[in-house]
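Engineer: Okay, structure incoming, though there's no sequence with it:
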């Protein structure tokens with residue numbers, strides 16, 4: 001039985017000229033700016049044009065392009081290699097805001113001719129703005145093209161055992177080379193406007209559940225840690241505390257800073273520039289003891305094993321697979337819509 005696995009990620013510009021259209025695609029997504037398309041389209045044009053010079057400077061720091069496509073393709077190959085031992089699987093990569101887009105990949109999937117599709121967002125913690133947006137785009141496209149096929153969706157996996165083990169391993173490797181125990185372990189996730197959480201998005205709760213399980217598996221009661229949120233843009237109030245505020249606070253106390261990218265599974269501008277360059281400068285400016293960053297999961301063996309087991313998992317809630325069920329107040333979680 002042939003099965004296709006669709007790995008979803010955000011994507012990123014592949015050259016300087018791609019920055020503005022990439023940003024337009026991002027801000028023209030109704031999951032990001034939820035207003036009528038009549039108003040969203042010109043607003044997205046305005047924002048992308050205004051922000052593109054700043055963004056181009058960011059990408060200039062990492063070779064004028066995002067590495068996220070190549071790194072996601074590495075993950076797809078590693079996953080396909082694991083799955084090939086269990087059956088006839090083929091992995092496809094779909095980017096939400098840049099190439100390869102869903103409209104192009106669906107043609108390749110149909111040519112492959114699977115009997116079942118498994119949707120796999122590379123966002124461990126579910127948000128309507130990330131996983132939800134990609135899942136909905138794929139579903140809408142299938143309806144538009146009258147492509148009817150058995151589909152299973154991996155909703156989220158914030159507490160999946162192998163995902164947690166992968167984080168624990170990389171954190172321990174980083175801490176092993178640190179001689180000074182006076183540091184703060186900062187779990188940094190992408191932020192989200194507060195109003196989205198109030199409307200029932202489970203993202204923040206799931207991030208907290210991820211960290212809770214990592215800390216219990218680290219088995220070190222003396223570790224001081226905090227969860228923070230980065231990449232805030234626009235005038236809305238975002239969930240906090242913000243990563244930059246936390247870095248300033250503990251750097252001024254002369255503590256070392258150890259950053260864990262808890263919601264990013266691939267290296268990209270928000271890890272390679274924001275965490276590695278901008279926040280490091282901020283920490284050093286405010287007299288931190290030292291600054292270390294734990295790598296993103298990438299193709300770490302435990303992480304790929306976890307994705308493999310999620311794809312192979314037969315127990316579903318409706319057509320959804322999840323490592324946990326959200327409390328009822330998180331109405332945006334698709335598992336609760338059943």
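Structural biologist: Nice, thanks for sending it over. Small disclaimer: the values here were computed from a predicted structure and weren't measured. Numbering: from 1, shown residues only.

Engineer: what about residue 187, which SS state?
Structural biologist: strand (DSSP: H, G, I helix; E, B strand; the rest coil).

Engineer: Strands of the stretch 151-300 of the chain, start to end?
Structural biologist: All strands of the stretch 151-300 of the chain, identified by DSSP state E, counting those that start in this stretch, fall at 183-190, 225-230, 256-261, 291-293.

Engineer: distance between the next helix or strand after the third one and the chain's centre?
Structural biologist: This points to strand 256-261. Following strand 256-261 in sequence order, the next helix or strand is helix 269 (DSSP states H and E). The chain centroid and the centroid of helix 269 are separated by 12 Å under C-alpha atoms, centre = their mean, to the nearest Å.

Engineer: if we can go back for a sec, now tabulate the strands of the stretch 151-300 of the chain in JSON lines and tack on mean pLDDT.
Structural biologist: JSON lines is the format used below for the strands of the stretch 151-300 of the chain (pLDDT from 0 to 100):
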{"stretch": "strand 183-190", "mean pLDDT": "98"}
{"stretch": "strand 225-230", "mean pLDDT": "98"}
{"stretch": "strand 256-261", "mean pLDDT": "98"}
{"stretch": "strand 291-293", "mean pLDDT": "98"}
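
Engineer: Now render those strands as TSV, adding mean neighbour count.
Structural biologist: C-betas here are computed from N, CA, C, even on glycine. TSV is the format used below for the strands of the stretch 151-300 of the chain (neighbours: other C-beta atoms under 10 Å):
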stretch	mean neighbour count
strand 183-190	24
strand 225-230	20
strand 256-261	24
strand 291-293	18
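
Engineer: who wins for proximity to residue 304 among those strands?
Structural biologist: strand 256-261 (17.4 Å; C-beta to C-beta).

Engineer: Provide the strand pairings for the closest one, with the direction of each partner.
Structural biologist: Paired with strand 256-261 in the same sheet, following DSSP bridges, are strand 183-190 (parallel), strand 291-293 (parallel).

Engineer: how about the strands of the stretch 151-300 of the chain in TSV, adding distance to residue 282?
Structural biologist: Converted to TSV, those look like this (distance: least, C-beta to C-beta, whole Å):
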stretch	distance to residue 282
strand 183-190	12
strand 225-230	11
strand 256-261	9
strand 291-293	9
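
Engineer: Compare those and give me the one nearest residue 197.
Structural biologist: strand 225-230 (10.9 Å).
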